[in-house]
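**Q** okay, sequence plus prediction incoming.
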Amino acid sequence: MAEQATERMVVAASPGRCFAVAADIERYPDWAVDIKDVTVHERDAEGRPSLVTFAPRPWPLDQLHPRYDYELAPKVLAWRQTQGDITTKLDGSYVFSEGTPGAPTWTTTSSRAAGADPGLHQDAAPEQDHVDATA
């Protein structure tokens with residue numbers, strides 16, 4: 001079963017600051033409640049994480065292994081799952097734009113194809129992650 005979701009939020013920070021927070025992948029455990037740990041396996045020519053593993057919290061969430069694409073940075077940060085224990089696909093992107101004057105937006109779009117038991121993700125997923133992009 002494939003699913004697609006899009007979330008859009010207004011952030012009191014510039015698109016550039018939002019990109020900087022999203023691209024600081026190694027700090028995700030500080031603010032993403034469902035990520036316990038991040039391991040960086042590869043970096044791009046600019047030293048940014050390109051292939052990582054996310055250890056989930058709580059179990060039984062899938063360990064995720066995304067490859068990040070910075071080609072459209074700083075407007076877009078995209079990723080493609082390279083492997084997963086439960087999901088067969090978890091690809092997506094963050095898009096950062098000015099939105100309406102004084103209200104920059106951070107849009108997340110992702111698609112997922114589940115493997116053995118797609119309900120595992122839905123039951124354990126947090127309602128919302130919170131980021132302080134103004135710091």
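**A** Here it is on my side, so go on. Numbering: from 1, shown residues only.
**Q** show me the helices in this protein, by range?
**A** For the chain, the helices defined by DSSP state H cover 15-23, 28-31, 119-124.
**Q** who are the packing partners of the first one?
**A** Just to be clear, that refers to helix 15-23. Under the contact definition 3 or more CB pairs under 8 Å, 6 or more residues apart in numbering; DSSP states H and E, helix 15-23 sits against strand 76-84, strand 87-100, strand 103-114. All C-beta atoms are positioned from the backbone trio N, CA, C, and that covers glycine.
**Q** dump these to TSV, plus mean pLDDT and mean neighbour count.
**A** Shown next, in TSV, are those (pLDDT from 0 to 100; neighbours: other CB atoms under 10 Å):
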stretch	mean pLDDT	mean neighbour count
strand 76-84	89	17
strand 87-100	81	17
strand 103-114	68	17
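**Q** dump the ones you listed to a markdown table, plus distance to residue 57.
**A** A markdown table is the format used below for those (distance: least, CB to CB, whole Å):
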| stretch | distance to residue 57 |
| --- | --- |
| strand 76-84 | 16 |
| strand 87-100 | 16 |
| strand 103-114 | 18 |
